[in-house]
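**Student:** This is a predicted model, with the sequence first.
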Amino acid sequence: MKGTVAFTSLGCDKNRVDSEVMLGLLQERGYQAVADEAEADIIVVNTCCFIRDALEESIETILEMAKYKIEGKCKGLIVAGCLGQRYEAEFFNEIPEVDAILGTAAYEEIADAADRILNGEHAFKCLEDINQPMKDDNGKLRVLSTAPYFAYLKISEGCDNHCTYCVIPQMRGRHRSRTMDSLVEEAELLAGQGVKELVIVAQDTSIYGRDLYGEPKLHELLEKLSEVEGIRWIRLLYCYPETLTDAMIAVMAQNEKICHYIDMPIQHGCDTVLKRMGRKSSQQLIRDVVGKLRAAMPDIAIRTTLIVGFPGETEEEFAALCRFVEEMRFDRLGVFSYSQEEGTPAAQMPDQIPEVAKEERRAIVMEIQKGIAAALCAQEIGKTVEVLVEGRLPEEAVYCGRTRRDAPDIDGMVFFRAEEEVYSGDFVSVHIREAGDYDLMGDVVYADEFAK
């Protein structure tokens with residue numbers, strides 16, 4: 001064994017996949033993962049700085065981990081991901097406790113970086129071209145950090161949507177897809193490890209394959225993934241309405257393995273704000289796409305995200321957004337207060353909204369959505385639904401799990417009682433007898449023995 005390594009992965013699930021790849025590369029090199037940072041020779045923080053809160057969390061975590069260079073056995077602190085990529089020029093001056101920076105396209109150099117530190121080298125950078133193609137064997141060594149029955153599958157990197165509020169293209173580069181064959185091979189490896197649910201992620205999943213095959217091929221990829229033995233659910237996140245094709249909707253509707261669930265960020269419901277954001281959609285386009293999805297799959301759960309308090313957002317524009325939310329009745333909805341990010345066009349726009357007003361607007365939209373979510377949950381009472389078991393709450397003597405309509409970590413749960421013991425990763429049928437604002441309660445009526 002060369003040494004021990006501890007990981008902290010911040011931000012999105014796409015970052016998590018990068019962390020899992022890094023952990024696999026380190027283990028292949030002879031490093032052993034440990035959960036206790038005090039016992040780690042190398043500590044890695046995979047950072048996020050998409051918005052101000054994420055940036056502050058990343059910096060706080062780095063400084064917290066730096067303490068183990070004094071209080072523990074840490075010989076090196078490595079910062080990976082977006083924060084180091086974005087601020088590499090001044091990083092070591094601002095946080096000298098850090099020994100190495102790995103940019104967003106250089107995370108596969110993690111084992112080399114760890115070796116260099118243990119050999120006495122410090123304060124160095126590993127920065128690759130952020131537009132370099134993705135490596136097809138990225139995921140073969142992944143060490144899953146999720147529960148063993150589900151995994152995120154990162155199908156592309158970067159983004160071609162230059163929204164005026166977003167720094168992602170500056171940190172992650174242009175959109176680059178992995179090949180279909182490599183993704184199917186990774187899915188087969190994951191299924192062989194016991195993964196039953198694949199959660200498809202990227203900065204923009206709906207344009208998958210456009211760079212490699214000349215046109216979006218997400219529908220073909222999902223069909224191929226659905227043929228992988230052992231995979232039971234396939235879930236789709238981060239699809240943009242303006243690039244979601246009719247072919248994709250048809251595959252979702254017809255393929256039983258693909259959950260009738262989609263995460264489709266729209267960011268606003270007022271055309272004038274969407275235009276200032278640099279979005280390529282409009283309220284009518286969003287209505288049309290949602291209409292197509294619901295016509296093809298009446299039971300579909302549509303999740304979206306919104307930004308309130310964008311520069312210049314008037315009371316009338318905000319009121320239009322509220323009406324839009326009330327009318328559309330999205331099944332799941334998250335709201336961010338606009339974050340003024342340096343280096344973006346929006347940061348220089350006039351009429352920046354005060355933080356207090358942003359938070360007030362966020363609370364108003366979330367209160368509207370709370371009522372919608374509670375009403376939609378109530379409609380599930382009396383139904384029998386398929387549930388993926390996630391665990392047991394011994395103090396309550398109940399189990400918890402997710403339906404096809406619920407993504408890991410961000411959506412609601414089903415709490416249920418079972419006469420016979422069931423296990424995490426099992427599928428059960430639950431009769432819903434009660435509903436809360438976001439969660440459901442019920443009883444097992446059938447345990448799926450074949451899913452174990």
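**Tutor:** The structure has been received and is ready for your questions.
**Student:** Secondary structure class of C159, three-state.
**Tutor:** coil (DSSP: H, G, I helix; E, B strand; the rest coil).
**Student:** Give me the number of neighbouring residues for it.
**Tutor:** 22 (other C-beta atoms under 10 Å). For glycine as for every other residue, the C-beta is placed from the backbone atoms N, C-alpha and C.
**Student:** Determine the three-state secondary structure at the closest residue to it other than its chain neighbours.
**Tutor:** Spatial nearest neighbour of C159, excluding adjacent residues (C-beta to C-beta, 6 or more residues apart in numbering): Q203 at 4.0 Å. Under three-state DSSP, Q203 falls in the coil class.
**Student:** again, but for R303
**Tutor:** strand.
**Student:** just the one 3 residues further on next, same as before
**Tutor:** Classification of L306 by three-state DSSP places it in strand.
**Student:** for stretch 166-186, what is the average pLDDT?
**Tutor:** Mean pLDDT, stretch 166-186: 94.
**Student:** can you tell me which residues contact L222?
**Tutor:** Counting by C-beta atoms under 8 Å, 6 or more residues apart in numbering, L222 makes contact with I200, I234, L236, M248, V251, M252, N255, I258.
**Student:** will you turn the residues you listed into TSV that also has secondary structure and pLDDT?
**Tutor:** Formatted as TSV, the contacts of L222 follow (DSSP: H, G, I helix; E, B strand; the rest coil; pLDDT from 0 to 100):
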residue	secondary structure	pLDDT
I200	strand	97
I234	strand	98
L236	strand	97
M248	helix	96
V251	helix	97
M252	helix	97
N255	coil	97
I258	strand	98
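**Student:** Closest one of those to A296?
**Tutor:** Ranked by distance to A296 (C-beta to C-beta), the contacts of L222 are led by M252 at 7.2 Å.
**Student:** so what's the closest one up against?
**Tutor:** L222, L236, I258, H260, I262, L293, A296, M297, I300.
**Student:** neighbour-wise, which of those leads?
**Tutor:** I262 (30 neighbours).
**Student:** Would you double-check that it falls in a strand?
**Tutor:** Yes - using three-state DSSP, the assignment for I262 is a strand.
**Student:** Okay, and the beta partners of it?
**Tutor:** For I262, the beta-bridge partners under DSSP bridges are L236, I302.
**Student:** Please verify my assumption that it contacts K292.
**Tutor:** No - if you go by C-beta atoms under 8 Å, I262 and K292 don't touch, sitting 11.2 Å apart.
**Student:** now the strands for the stretch 351-452 of the chain?
**Tutor:** Counting by DSSP state E, counting those that start in this stretch, the stretch 351-452 of the chain has strands at residues 384-393, 398-402, 414-417, 427-435, 440-448.
**Student:** Using TSV, please lay out these together with mean neighbour count and mean pLDDT.
**Tutor:** Rendered in TSV, the data for those read as follows (neighbours: other C-beta atoms under 10 Å; pLDDT from 0 to 100):
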stretch	mean neighbour count	mean pLDDT
strand 384-393	19	94
strand 398-402	21	95
strand 414-417	21	96
strand 427-435	19	95
strand 440-448	18	88
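**Student:** Put together CSV for those strands, with distance to Y68 on each row.
**Tutor:** Supplementary listing: these in CSV, determined by distance: least, C-beta to C-beta, whole Å:
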stretch, distance to Y68
strand 384-393, 30
strand 398-402, 34
strand 414-417, 38
strand 427-435, 41
strand 440-448, 42
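**Student:** and of these, who's closest to L285?
**Tutor:** When the strands of the stretch 351-452 of the chain are compared by C-beta to C-beta, strand 398-402 sits nearest L285, at 30.1 Å.
**Student:** before we move on, what SS does the nearest residue to M349 once chain neighbours are set aside have?
**Tutor:** In space, and not counting its chain neighbours, M349 is closest to P311: 3.8 Å by C-beta to C-beta, 6+ apart. Secondary structure assignment for P311 (three-state DSSP): coil.
**Student:** where does P311 sit relative to D271, distance-wise?
**Tutor:** 16 Å (C-beta to C-beta, to the nearest Å).
**Student:** Look at these two and report which has more neighbours.
**Tutor:** A side-by-side neighbour count of P311 and D271, using other C-beta under 10 Å, places P311 first with 20 against 16.
**Student:** So E71 is in contact with E39, correct?
**Tutor:** No - taking contacts as C-beta under 8 Å, E71 lies outside contact range of E39: 11.5 Å.
**Student:** So those two - more neighbours on which side?
**Tutor:** E39 (14 against 10).
**Student:** Now for the more buried one: which residues touch it?
**Tutor:** By C-beta under 8 Å, 6+ apart, the residues touching E39 are T4, A6, G72, K73.
**Student:** Among those residues, which ones are in strands?
**Tutor:** Counted as lying in strands by DSSP state E, out of the contacts of E39, are T4, A6.
**Student:** Make a PyMOL selection of the buried ones in the contacts of E39.
**Tutor:** Buried subset of those, written as a PyMOL selection, criterion 16 or more other C-beta atoms under 10 Å:
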select buried, resi 4+6+72
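**Student:** From the contacts of E39, pick the one nearest G84.
**Tutor:** Among these, A6 lies closest to G84 (C-beta to C-beta), at 17.8 Å.
**Student:** Not counting its neighbours along the chain, what's nearest the closest one?
**Tutor:** Nearest residue to A6 in three dimensions, chain neighbours excluded: A40, at 3.7 Å (C-beta to C-beta, 6+ apart).
**Student:** what does R323 give?
**Tutor:** G269 (7.8 Å).
**Student:** May I ask you to confirm that the one you found is in contact with I286?
**Tutor:** Yes - contact criterion C-beta under 8 Å: G269 and I286 qualify, at 7.2 Å.
**Student:** ok, back up a step: as a markdown table, the contacts of L222 with distance to V414 would be great.
**Tutor:** Shown next, in a markdown table, are these (distance: C-beta to C-beta, whole Å):
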| residue | distance to V414 |
| --- | --- |
| I200 | 22 |
| I234 | 20 |
| L236 | 21 |
| M248 | 28 |
| V251 | 27 |
| M252 | 22 |
| N255 | 23 |
| I258 | 20 |
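**Student:** Which one of those is nearest to Y213?
**Tutor:** Proximity of the contacts of L222 to Y213 (C-beta to C-beta) peaks at M248, which lies at 14.2 Å.
**Student:** And the residue nearest to A6, how close does it get to Y31?
**Tutor:** In terms of C-beta to C-beta, A40 sits 10 Å off from Y31.
**Student:** One more: C270?
**Tutor:** Distance, C270 to Y31, using C-beta to C-beta: 51 Å.
**Student:** One more: V228?
**Tutor:** Taking C-beta to C-beta, one finds V228 at 30 Å from Y31.
**Student:** Which one of the two is surrounded by more residues?
**Tutor:** Neighbours were counted for V228 and for Y31 using other C-beta under 10 Å; Y31 has more, 23 against 20.
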